[in-house]
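J.: Return atomic coordinates for the entry below.
(one chain, ligands or ions: 1)
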Amino acid sequence: MPDGAPYRPEAACGATPPGSAPHTPPAEAPRGAAARTLRDAASLVRAGLVPPQAEAAIARVAERYAIAITPAVRALIDPADPADPIARQYVPDPAELVTAPWELPDPTADAPHSPVKGVVHRYPDRALLKPLLACPVYCRFCFRREAVGPGGGVLTEAELAAALEWFARTPAVREAILTGGDPLLLSPRRLGHVLGRLAALPHIEILRIHSRVPVADPARVTPALAQALAIGKPLFLCVHANHAREFSAAAAEALQRLASAGAVLLGQSVLLRGVNDSVEALEALFRAMLRHRVKPYYLHQLDPAPGTARFAVPAAEGRALLAALRGRVSGLAWPTYVQETPGGGGKVPLGPAFPEVPLPGDG
Ligand code: SF4
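T.: Model (predicted):
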């Protein structure tokens, strides 16, 4: 860019930096303006993440899609790198206002599978509970980008009660999955209340939470929040992270706290052009997860949400990346590569396929 600012239009993002790029965030917690979450175009310009001449275009994006970059995430961005893989996930781009013909406002079709507000029931034995639609950060590739935002979409007391009542009268559901938005934005008291109500149902055998908080806003993982997860039933926490650098020292502390509270940590990632679309970046990401007790669980093919085409990696390329990882990392570091089928049909594994090995006794 003319002024050297780390703005990342599509043309600047073709190159993929290695997953373990050596940017070192500051050791001390940010203060003053740097301690606030960036939520609009002017703040991004002031922070040097967007050049002044792009402010108006970014403001138009902000009218449609929420922006939030926490101090923790901002500290991970290397301002000297015009293709920084952390910035690419969170800094808006005017391309977001261009919807490709195949992109859908609700690509996973949550709405047709919602029996009551805040609940999605797609599979017989599990269901989602979305207690709020706010997030600590707003990812530019989010498949729920048309729904999430700081307005929050928090369930009212009556709506939450109705959602919990639905779980109580649906005994086929064995697994309750809290998602959103980000459930770890709830206060420890409210999160503990929701988890406790679900865990008290005899047919709920396990609980799961999907969250970006441990890497994007680790300071929120207080001892009280971690303790809210200690519910006496198996609780799996799926941590959304897409790049090795997201595992900062503060994230490590948050994950340690959550693991100590008894949560089983799983990792979920999205295969993203310019973020983790190389063998080196994926290897570094999955190794970082394991170092922090996070078992790589799913690598998602990008869902076709509006204005996200710049992140798309063809499935054939994804399969080749996964195949190249085989043997390079242990099986522990190997996630299942999946795609949501359009219309809410659920996830299908994308491979890669390997040649069948003849076994003794085979014909
Ligand atoms: S944290 Fe999750 S729900 Fe929120 S914007 Fe990112 S991907 Fe979407």
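J.: Show the contacting residues for D125.
T.: A172, V173, R174, E175 (Cβ atoms under 8 Å, 6 or more residues apart in numbering). All C-beta spots, glycine's among them, are computed from the backbone N, C-alpha and C.
J.: how about 10 Å then?
T.: Neighbour list for D125: A172, V173, R174, E175, H203, E205 [criterion: Cβ atoms under 10 Å, 6 or more residues apart in numbering].
J.: again with M289
T.: 239, 241, 244, 246-247, 255, 265-269, 295-297, 332-333, 335.
J.: repeat that for 7 Å
T.: Applying Cβ atoms under 7 Å, 6 or more residues apart in numbering to M289 gives the contacts A241, G267, P296.
J.: Could you list the domains of this protein?
T.: 34-97, 111-351 (automatic domain parsing).
J.: Can I get these in CSV including mean pLDDT and distance to G361?
T.: Output for the domains of the chain, formatted as CSV (pLDDT from 0 to 100; distance: least, Cβ to Cβ, whole Å):
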stretch, mean pLDDT, distance to G361
domain 34-97, 95, 47
domain 111-351, 95, 24
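J.: can you give me phi and psi for the spatially most central residue of the chain?
T.: Taking Cα atoms, centre = their mean, the centroid of the chain lies closest to H240, which sits 3.6 Å from it. Dihedral pair for H240: phi -90, psi 120, per degrees, to the nearest 10.
J.: do the same with E175
T.: Torsion angles, degrees, to the nearest 10, at E175: phi -130, psi 120.
J.: surely it meets R126?
T.: Yes - taking contacts as Cβ atoms under 7 Å, E175 lies within contact range of R126: 3.8 Å.
J.: all helices in the stretch 1-150 of the chain, in order from the N-terminus.
T.: 41-46, 55-64, 71-76, 85-90 (DSSP state H, counting those that start in this stretch).
J.: ok so, going back, okay, the contacts of D125 in JSON lines with distance to H193, neighbour count and secondary structure next?
T.: Output for the contacts of D125, formatted as JSON lines (distance: Cβ to Cβ, whole Å; neighbours: other Cβ atoms under 10 Å; DSSP: H, G, I helix; E, B strand; the rest coil):
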{"residue": "A172", "distance to H193": "24", "neighbour count": "11", "secondary structure": "coil"}
{"residue": "V173", "distance to H193": "19", "neighbour count": "23", "secondary structure": "coil"}
{"residue": "R174", "distance to H193": "21", "neighbour count": "14", "secondary structure": "coil"}
{"residue": "E175", "distance to H193": "19", "neighbour count": "17", "secondary structure": "strand"}
{"residue": "H203", "distance to H193": "19", "neighbour count": "13", "secondary structure": "coil"}
{"residue": "E205", "distance to H193": "20", "neighbour count": "14", "secondary structure": "coil"}
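J.: Closest one to the ligand out of these, please.
T.: Nearest to the ligand among the contacts of D125, counting by Cβ to the nearest ligand atom, is E175 at 19.2 Å.
J.: residues contacting that closest one?
T.: Residues counted as contacts of E175 (Cβ under 7 Å, 6+ apart) are D125, R126, E205, I206, R208.
J.: May I have the beta-bridge partners of the second one?
T.: R126 has these beta-bridge partners by DSSP bridges: Y123, E175.
J.: Would you map the strands across the stretch 201-350 of the chain?
T.: For the stretch 201-350 of the chain, applying DSSP state E, counting those that start in this stretch gives strands covering 206-211, 235-240, 264-270, 295-300, 336-341, 346-351.
J.: what helices or strands is the third one leaning on?
T.: So that's strand 264-270. The contact analysis (3 or more Cβ pairs under 7 Å, 6 or more residues apart in numbering; DSSP states H and E) places strand 264-270 against strand 235-240, helix 249-260, strand 295-300.
J.: Out of those, which one sits most buried?
T.: strand 235-240 (a mean of 23; mean count of other Cβ atoms under 10 Å).
J.: name the helices or strands packed onto that one?
T.: strand 206-211, strand 264-270.
J.: Next up, the contacts around the residue of the stretch 251-363 of the chain found nearest the ligand.
T.: Scanning the stretch 251-363 of the chain for the residue nearest the ligand gives V270, at 7.8 Å (criterion: Cβ to the nearest ligand atom). V270 makes contact with F141, N242, H300, L302, according to Cβ under 7 Å, 6+ apart.
J.: most neighbours, which of the residues you listed?
T.: Using other Cβ atoms under 10 Å as the neighbour criterion, N242 leads the contacts of V270 with 29 neighbours.
J.: so it makes contact with L272?
T.: Yes - counting by Cβ under 7 Å, N242 does reach L272; the two are 5.8 Å apart.
J.: near the ligand, which residues of this structure show up?
T.: C135, V137, Y138, C139, C142, R144, V148, G180, G181, D182, R212, H240 (Cβ under 6 Å from any ligand atom).
J.: 5 Å instead?
T.: C135, Y138, C139, C142, R212 (Cβ under 5 Å from any ligand atom).
J.: one step back: now do the shared contacts for N242 and L272.
T.: By Cβ under 7 Å, 6+ apart, no residue touches both N242 and L272.
J.: about what we covered before: now for the contacts of V270: which two are most distant?
T.: The distance between the two most remote of the contacts of V270 (Cβ to Cβ) is 10.9 Å, for N242 and L302.
J.: ok, back up a step: adding distance to A199, write the residues of the chain next to the ligand out as a markdown table.
T.: A markdown table is the format used below for these (distance: Cβ to Cβ, whole Å):
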| residue | distance to A199 |
| --- | --- |
| C135 | 24 |
| Y138 | 30 |
| C139 | 29 |
| C142 | 28 |
| R212 | 23 |
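J.: From these, which land in strands?
T.: Among the residues of the chain next to the ligand, no member is found in strands (DSSP state E).
J.: hmm, which of the residues you listed are the buried ones?
T.: Using 16 or more other Cβ atoms under 10 Å as the burial test, the residues of the chain next to the ligand include C135, Y138, C139, C142, R212 as buried.
J.: With that, I have no additional questions.
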